[in-house]
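Asks: Please work out how this folds:
(5 chains)
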Amino acid sequence: MFVARVTGSVVATQKVASMTGHKLLIVEPYRVDEKNRDRLVPTGRTFVVVDTLGAGLDEMVLVCQGSSARLTPETEKLPIDAVVIGLINTVDIGGREIFSSRELS
Amino acid sequence: MFVARVTGSVVATQKVASMTGHKLLIVEPYRVDEKNRDRLVPTGRTFVVVDTLGAGLDEMVLVCQGSSARLTPETEKLPIDAVVIGLINTVDIGGREIFSSRELS
Amino acid sequence: MFVARVTGSVVATQKVASMTGHKLLIVEPYRVDEKNRDRLVPTGRTFVVVDTLGAGLDEMVLVCQGSSARLTPETEKLPIDAVVIGLINTVDIGGREIFSSRELS
Amino acid sequence: MFVARVTGSVVATQKVASMTGHKLLIVEPYRVDEKNRDRLVPTGRTFVVVDTLGAGLDEMVLVCQGSSARLTPETEKLPIDAVVIGLINTVDIGGREIFSSRELS
Amino acid sequence: MFVARVTGSVVATQKVASMTGHKLLIVEPYRVDEKNRDRLVPTGRTFVVVDTLGAGLDEMVLVCQGSSARLTPETEKLPIDAVVIGLINTVDIGGREIFSSRELS
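Replies: Sure thing, here's the model as predicted:
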């Protein structure tokens, strides 16, 4: 899985029928800063993921890729390869909290 | 999933029998521009995908990769690893519309 | 899927029993040239794929990766992650033919 | 699979129900140093993995990716794409031990 | 699949129960040299794979990734994503032998 920030959303009216009603978010994966390991930094990559947890803009989420994206009750049998499986509260590195969702509010 | 522009097509007369009649498109993945996050920019990569939605040249589409590419009614049991699952109308980043299919017409 | 050129072959006498009799080709993925989008250029990467269509040296082929490589009649249940699913006749970009197999003969 | 060091952990209170109670670790993949092949060096990449073996901070672990991450008794049917399958004692390269978990204690 | 050289091994005493008795090798993927296409060169990447064929140190092997790594008799149902499926005798590029296992002895 990877840590990513919700940066936006996609609207596609014409789509595979089973995809109707599923929210599509744009996310950007983050990684631990290599220098001081004291913060998360953006990778510049762009993914589209299905969200069933109500993730908001700028929220940090946990994304699962591949066939396992179909292993949630709402995404079973969908033609998708990435899904949000958690809304991240905190990330700790080396025993130190380097991200908290409280920063966002 | 990823956002991609349809740039062309592939013709392969000699192929695995189950692939007969399936349209093969060339697409180029796009990502959100890192600088101002105000537009989509091409990545320079080349993928071949199956399309069942009638995507046109230059259209922006949503692509699903991996085993889930077989999870649409038309692609079940096909030896494919990528399929178009939606034709993109709009992409919003940070609450701002950075792509609209209306730009294409 | 991706477009690739057949550059060679691999011989492995000692192998998993089910692999006996399956032809192993070396292929190099190609991508559309970013500058003028008027030709296919090599990526420098090396993949080994199973071929059941009789692809010849230098031929341009369509390769499927992942679990779907097992979705052809000849490769069912094989421990493989890539298979040739088509021999490419032409590649069109922006309505213009940038590759034709006739160039090879 | 890949070799990775446990660098931290993730807390996500709001998540897909089946994920409750599963420990989420942050790991950084390592590779063999190209120059002298005498040590493991960090790659700078960040992955989140499920751990069922009790891996500790800084411990070197073996990570399995993809659908096979669901092939352990504790992770069956989970929407995950990476799991710790072993705690690494030693890594040998060219007949020489270049990593030992004893270094950590 | 990819071509890789066996560079070492991993020992992990504490592991998922089903992994007991399975040999874990460190391999480095190789690719065809882009310049003259007359030899295989190392990529600098590090993978851990399961071996059931008795590959020796420095031997060149064929590696299968993903769910198909479970499609050999010995690796069925294992939580693994990479397995050796062949010991490579020769690699031919453009009709010329650029690697032979005889070089190793």
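Asks: where does A:Arg102 land in three-state SS?
Replies: Here A:Arg102 takes the helix state, with states given by DSSP: H, G, I helix; E, B strand; the rest coil.
Asks: And A:Ile26, by the same measure?
Replies: The three-state label given to A:Ile26 by three-state DSSP is strand.
Asks: ditto for the one 5 residues further on
Replies: Reducing the assignment to helix, strand or coil with three-state DSSP, the entry for A:Arg31 is strand.
Asks: what's the answer for A:Glu34, then?
Replies: Relying on three-state DSSP, one would call A:Glu34 coil.
Asks: Specify the local secondary structure of the residue of chain A at minimum distance from chain C.
Replies: Taking Cβ to the nearest Cβ as the measure, chain A has A:Ser67 as its residue closest to chain C, at 7.6 Å. In this view, the C-beta of every residue, glycine as well, is placed from N, C-alpha and C. The three-state label given to A:Ser67 by three-state DSSP is helix.
Asks: That one reaches B:Ser68, doesn't it?
Replies: Yes - under the criterion of Cβ atoms under 8 Å, A:Ser67 is in contact with B:Ser68, at a separation of 6.4 Å.
Asks: Next, show the common contact partners of the two.
Replies: By Cβ atoms under 8 Å, 6 or more residues apart in numbering or on different chains, A:Ser67 and B:Ser68 have these common neighbours: A:Asp81.
Asks: So if I had to pick from the two, which one is more boxed in?
Replies: When A:Ser67 and B:Ser68 are compared for neighbours, B:Ser68 comes out ahead with 25 against 22, by other Cβ atoms under 10 Å in any protein chain shown.
Asks: residues touching the closest residue to chain D within chain A, list them.
Replies: Distances from chain A to chain D, computed as Cβ to the nearest Cβ, single out A:Gly86 as the nearest residue at 3.2 Å. Remark: with contacts taken as Cβ under 8 Å, 6+ apart, A:Gly86 is in contact with A:53, A:61-62, D:10, D:12, D:14-16, D:19, D:24.
Asks: and which of these is nearest to C:Arg45?
Replies: Ranked by distance to C:Arg45 (Cβ to Cβ), these are led by A:Leu62 at 30.2 Å.
Asks: Contact partners for the closest residue to chain E within chain A?
Replies: Of all residues in chain A, A:Ser67 sits closest to chain E, with a separation of 7.6 Å (Cβ to the nearest Cβ). Counting by Cβ under 8 Å, 6+ apart, A:Ser67 touches A:81, B:66-68, C:67, D:66-67, E:67.
Asks: redo that, cut-off 6 Å
Replies: Taking Cβ atoms under 6 Å, 6 or more residues apart in numbering or on different chains as the definition of contact, the neighbours of A:Ser67 are B:67, D:67.
Asks: and the gap between it and E:Gly95?
Replies: Plainly put, A:Ser67 is 39 Å away from E:Gly95 if you go by Cβ to Cβ, to the nearest Å.
Asks: Please apply the same query to A:Val10.
Replies: Going from A:Val10 to E:Gly95 by Cβ to Cβ gives 48 Å.
Asks: Next: A:Ser68.
Replies: In this structure, A:Ser68 and E:Gly95 are 43 Å apart, going by Cβ to Cβ.
Asks: Equivalent analysis for A:Thr72, please.
Replies: Taking Cβ to Cβ as the measure, A:Thr72 falls 51 Å from E:Gly95.
Asks: Likewise for A:Ile80?
Replies: As judged by Cβ to Cβ, A:Ile80 and E:Gly95 stand 44 Å apart.
Asks: shouldn't A:Val16 be in contact with B:Thr72?
Replies: Yes - contact between A:Val16 and B:Thr72 holds when scored by Cβ atoms under 6 Å: they sit 4.8 Å apart.
Asks: Could you tell me which residues touch both of these two?
Replies: Counting by Cβ under 6 Å, 6+ apart, the residues touching both A:Val16 and B:Thr72 are A:Pro79.
Asks: Looking at A:Val10 and E:Gly95, which is more packed in?
Replies: A:Val10 (21 against 9).
Asks: The more buried one sits in which helix or strand?
Replies: In this structure, A:Val10 is located in strand A:2-11 according to DSSP states H and E.
Asks: buried sites along that strand?
Replies: Along strand A:2-11, these residues count as buried under the neighbour rule (16 or more other Cβ atoms under 10 Å in any protein chain shown): A:2-10.
Asks: ok, and which of the residues you listed reach chain B?
Replies: A:7-10 (Cβ under 6 Å from any Cβ of the partner chain).
Asks: got JSON lines for these, with pLDDT too?
Replies: Formatted as JSON lines, those follow (pLDDT from 0 to 100):
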{"residue": "A:Thr7", "pLDDT": "98"}
{"residue": "A:Gly8", "pLDDT": "98"}
{"residue": "A:Ser9", "pLDDT": "98"}
{"residue": "A:Val10", "pLDDT": "98"}
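Asks: Name the SS class of the residue of chain A closest to chain D, please.
Replies: Under three-state DSSP, the three-state class of A:Gly86 is strand.
Asks: got a pLDDT number for it?
Replies: Listed pLDDT for A:Gly86 reads 98.
Asks: A:Ser68 too?
Replies: 98.
Asks: ok, it - contacts?
Replies: Neighbouring residues of A:Ser68 by Cβ under 6 Å, 6+ apart: D:79-81.
Asks: Of the residues you listed - the most surrounded one?
Replies: When neighbours are counted as other Cβ under 10 Å, the busiest of those turns out to be D:Asp81, with 30 neighbours.
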